[in-house]
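K.L.:
turn this into a model:
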Amino acid sequence: MKIAILSRNENLYSTRRLKEAGEKLGHEVDIIDTLHCYMDISSSRPAVRFKGKALPYYDAIIPRIGASVTFYGTAVVRQFEMMGTFSVNESVAISRSRDKLRSMQLLSRKGIGMPRTGFARQPDRIDDLIKNVGGAPVVIKLLEGTQGIGVVLADTQKAAESIIEAFMGLNANILVQEYIKEAGGADIRCLVVGGKVVAAMKRQAAAGEFRSNLHRGGQASLVRLSPAERKTAIDAAKTMGLNMCGVDILRSNRGPVVMEVNSSPGLEGIESATGKDVASMIVEFIVKNAKPNNTKTRGKG
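P.N.:
Modelled structure (predicted):
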C-alpha cells in the first residue's frame with residue numbers, strides 16, 4: 001500500500017513513528033510538506049503537485065495538519081479526497097473539530113457531557129455571561145488558541161471581567177467556561193482510532209499551573225478509564241466524524257466532561273505513558289479501511 005503523511009516536519013516524533021510503523025508493516029510511506037503542495041483545481045482530473053511534478057496516486061493519506069495551517073491543509077486533504085484517496089480524517093471533520101465553537105455546539109446537541117460554556121464577542125452584560133456559567137472562578141479561552149495558549153483562569157468576578165474586557169478590546173472571540181475544580185488540574189487524553197479507545201493517559205498540571213498540556217510542563221501517566229469515560233470519548237469522536245483523534249476529558253462531580261477533540265493528536269506522550277504502539281494501530285486501521293473513494297464527502301463537503 002502507498003501512504004502519504006501530510007506533515008510540515010519529517011523530524012517530529014509523531015511523523016517519524018507513523019512512517020516507521022507503516023514501513024515496518026510493509027507499506028511504502030512518503031512524507032509530504034503540506035504547505036509545499038499546490039493543486040490543479042480547474043481540471044476535470046484533480047491533481048496535487050509537489051516540487052514541479054504531479055504526485056502519484058496514494059491509497060491513503062495521514063493528515064498531520066497544524067492548527068495554524070488548517071485552511072490550506074484541509075484544502076489539500078480535500079483535493080486528495082477528490083482524487084479518490086482515503087484520508088484517515090476527512091477534511092470536513094478536521095475543519096469541524098478545529099472550530100471550538102462549532103465543536104461545542106455539536107457535542108451539546110448530542111448530549112455529550114461538557115463544562116457549562118458561554119460564547120461572546122461583545123456582550124453588553126459581562127457579569128451575566130460569567131453568572132451564566134456558574135460564576136467565578138471561570139476559564140476564559142481564545143477561540144483560536146492551541147496547546148494551552150490563550151487559556152486563562154480568572155479566580156474572581158473582577159478578574160474575569162477585566163480579562164474579558166481586554167479580549168474584547170482586541171476584537172477576539174472567546175469562550176467562557178466553568179472551572180472544574182474537582183479535576184485537580186488533571187485531565188485524561190483518550191486516543192480514539194476506528195471508534196475504539198486504543199490508549200489513554202492522565203495529564204497532571206505542573207505545580208502552580210492549571211493547564212495540563214504536556215507542552216506546559218504537565219506530567220503523563222497511565223490511567224484506567226471508567227465505562228462512562230470510554231463511551232464519552234467514543235461518542236465525541238463519532239460526533240466530530242473523526243476516525244482518529246485525541247479526546248480530552250475532565251473528571252467532574254457529574255461525570256466525564258469533554259474539553260476538546262483534537263484531530264491531529266501527538267503520539268509521543270501517550271506512547272511513552274502507555275507503552276502502546278499507537279502508530280501501528282493507526283496504520284492497521286488504514287489497511288482495513290483504505291479503499292478508493294471510501295469517504296463520506298469525497299471532497300464535496
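
K.L.:
any weak-confidence spans in the stretch 101-250 of the chain?
P.N.:
Within the stretch 101-250 of the chain, the ranges that satisfy pLDDT under 70 run 122-123, 144-148, 207-217.

K.L.:
do you have the strands of it handy? List them.
P.N.:
Along the stretch 101-250 of the chain, counting by DSSP state E, counting those that start in this stretch, strands occupy 117-120, 138-142, 151-154, 174-178, 186-193, 196-204, 219-222, 244-252.

K.L.:
strand partners (parallel or antiparallel) of the helix or strand that the last one is followed by?
P.N.:
By that I understand strand 244-252. Downstream of strand 244-252, the first helix or strand assigned by DSSP states H and E is strand 255-262. Applying DSSP bridges, strand 255-262 is found paired with strand 244-252 (antiparallel).

K.L.:
quick one: distance of the strand it pairs with to the chain centre.
P.N.:
10 Å (C-alpha atoms, centre = their mean, to the nearest Å).

K.L.:
between the strands of the stretch 101-250 of the chain, which one is closest to P46.
P.N.:
Nearest of the strands of the stretch 101-250 of the chain to P46, taken as C-beta to C-beta: strand 244-252 at 24.0 Å. Where you see a C-beta, it was placed from the backbone N, CA and C, and this is true even at glycine.

K.L.:
what's the angle from that closest one to strand 174-178?
P.N.:
With axes from the mean of the first three to the mean of the last three C-alpha atoms, to 10 degrees as the basis, strand 244-252 and strand 174-178 are set at 40 degrees to each other.

K.L.:
any idea how far F119 lies from K141?
P.N.:
10 Å (C-beta to C-beta, to the nearest Å).

K.L.:
same check, this time on L107
P.N.:
Taking C-beta to C-beta, one finds L107 at 15 Å from K141.

K.L.:
now do the same contact list for the spatially most central residue of the chain.
P.N.:
In the chain, the centroid-proximal residue (C-alpha atoms, centre = their mean) is N262; its distance is 1.1 Å. Counting by C-beta atoms under 8 Å, 6 or more residues apart in numbering, N262 touches 97, 245-248.

K.L.:
okay if I get these as CSV plus neighbour count and distance to L129?
P.N.:
Formatted as CSV, the contacts of N262 follow (neighbours: other C-beta atoms under 10 Å; distance: C-beta to C-beta, whole Å):
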residue, neighbour count, distance to L129
S97, 25, 25
C245, 25, 29
G246, 24, 29
V247, 28, 27
D248, 20, 24
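
K.L.:
which residues touch L250?
P.N.:
115, 180, 183, 186-188, 256-257, 259 are the contacts of L250 under C-beta under 8 Å, 6+ apart.

K.L.:
run the last query once more with 10 Å
P.N.:
113-115, 179-180, 182-184, 186-188, 212, 256-259 (C-beta atoms under 10 Å, 6 or more residues apart in numbering).

K.L.:
which residues does it bridge with?
P.N.:
V257.

K.L.:
so how far is E229 from it?
P.N.:
On the measure of C-beta to C-beta, L250 and E229 end up 10 Å apart.

K.L.:
more crowded one of F119 and K141?
P.N.:
K141 (21 against 16; other C-beta atoms under 10 Å).

K.L.:
that one contacts V133, doesn't it?
P.N.:
No: applying C-beta atoms under 10 Å as the test, K141 and V133 come out as separate, 11.8 Å apart.

K.L.:
shared neighbours of those two, anything?
P.N.:
117, 175-177.

K.L.:
I126: which of these is nearest?
P.N.:
Of the shared contacts of K141 and V133, the one sitting nearest to I126 (C-beta to C-beta) turns out to be V176, at 9.2 Å.
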